[in-house]
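Student: with the input below, show me the fold.
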Amino acid sequence: MEQQDNDRQETDNSRLARAKRKLECLKREYSAQISRVFDHQAQTNGQPMNDKANGRSFFNRQEQLEDKARTLLREIEAQEGRISTLEYQKERKALGLNKQGGLIMSVDNIPMIKTEIEQAKQRRTIMKKIFTGLFILLFSFALAGCSQSIQDELQENNWNVVSTNGEAYTASFSESTVTFNSNLFQRGFNYSIDEEEDNITLNEPDTDDEPITFSINKNESEFTFTAILEEVKETFGDLTLSPIVTNK
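Tutor: Reported below is the predicted structural model:
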């Protein structure tokens with residue numbers, strides 16, 4: 001059986017098989033060369049050769065033998081590197097891949113090519129979904145950055161206010177306060193707008209009055225403040241705010 005395996009190995013004429021056979025030859029030659037080095041050293045019988053008549057010739061020969069051994073060792077290391085490269089290429093080829101990592105375009109490789117195409121389609125689909133999601137997210141952020149809050153809009157203008165209880169006056173908003181003015185009165189309130197911008201709440205400072213809350217609706221450039229509680233509606237009514245246009 002061992003003889004049959006050896007015969008099969010000898011008949012394998014691939015680059016990898018030839019490289020392995022060469023490596024074995026180099027190792028045998030290196031082993032023989034090391035033996036020559038030691039055999040040459042053994043000629044001294046442990047005696048120093050510096051003062052011998054043929055000492056120079058002995059050392060020259062010793063250096064030649066050692067140089068040959070070092071050269072063989074370097075060749076062995078290089079051959080082992082070549083075998084490692086060839087084995088890697090063989091593994092890649094068995095996987096249907098070329099040196100660059102792409103698929104080998106051959107008839108034998110058709111099943112793997114089909115599989116790779118399907119996987120590529122799936123990757124494209126996934127990436128398309130990811131890019132679409134990112135685009136929507138970034139677009140939403142852009143819109144959010146460009147859109148103006150109700151609080152900013154209220155501060156940008158002075159407003160004519162008409163109440164459903166028949167009163168009319170003006171309103172001026174700052175960052176946290178609003179002042180209502182008419183020929184008959186002037187009243188100031190602190191105000192806050194909830195996070196969803198659905199409601200505005202007014203608090204009159206230095207009084208014990210309950211907060212006044214209106215729901216907010218916007219129609220083009222106008223705002224409608226609708227009283228939440230009936231008692232607030234009876235006192236203040238529902239308010240319509242229109243921007244005061246100034247002639248410049």
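
Student: how far away is R21 from R28?
Tutor: The spacing between R21 and R28, counted by Cβ to Cβ, to the nearest Å, is 11 Å. All C-beta atoms are positioned from the backbone trio N, CA, C, and that covers glycine.

Student: E175: what's it in contact with?
Tutor: By Cβ atoms under 8 Å, 6 or more residues apart in numbering, the contact list for E175 reads 151, 155.

Student: distance of it from Q43?
Tutor: Going from E175 to Q43 by Cβ to Cβ gives 105 Å.

Student: what's the average pLDDT for the longest helix anywhere in the chain?
Tutor: If you go by DSSP state H, the chain has its longest helix at helix 55-94. The pLDDT scores in helix 55-94 average 88.

Student: for that helix, packing partners?
Tutor: On a contact count with 3 or more Cβ pairs under 8 Å, 6 or more residues apart in numbering; DSSP states H and E, helix 55-94 meets helix 15-42.

Student: any buried residues in the helix it packs on, and which?
Tutor: Under the neighbour-count criterion of 16 or more other Cβ atoms under 10 Å, helix 15-42 has 19-20, 23, 26, 30, 33-34 buried.

Student: and the angle from the longest helix of the chain to helix 15-42?
Tutor: Angle, helix 55-94 to helix 15-42, by axes from the mean of the first three to the mean of the last three Cα atoms, to 10 degrees: 160 degrees.

Student: what's the domain layout of the protein?
Tutor: Domain ranges of the chain: 2-94, 150-243, per automatic domain parsing.

Student: how long is the longest one end to end?
Tutor: Across domain 150-243, the terminal residues are separated by 13 Å (Cα to Cα, to the nearest Å).

Student: now F214: how far from A120?
Tutor: 58 Å.

Student: meant to ask about L65
Tutor: Using Cβ to Cβ, L65 is found at 60 Å from A120.

Student: so those two - more neighbours on which side?
Tutor: Taking other Cβ atoms under 10 Å, L65 and A120 do not tie; L65 has more neighbours (18 against 10).

Student: which ones are touching that one?
Tutor: Shown in contact with L65 (Cβ under 8 Å, 6+ apart): 33, 36-37, 40.

Student: over to E195. Which of the three states is it?
Tutor: Of the three states, E195 takes coil under DSSP: H, G, I helix; E, B strand; the rest coil.

Student: mind listing what it touches?
Tutor: Under the criterion of Cβ under 8 Å, 6+ apart, E195 has no neighbours.
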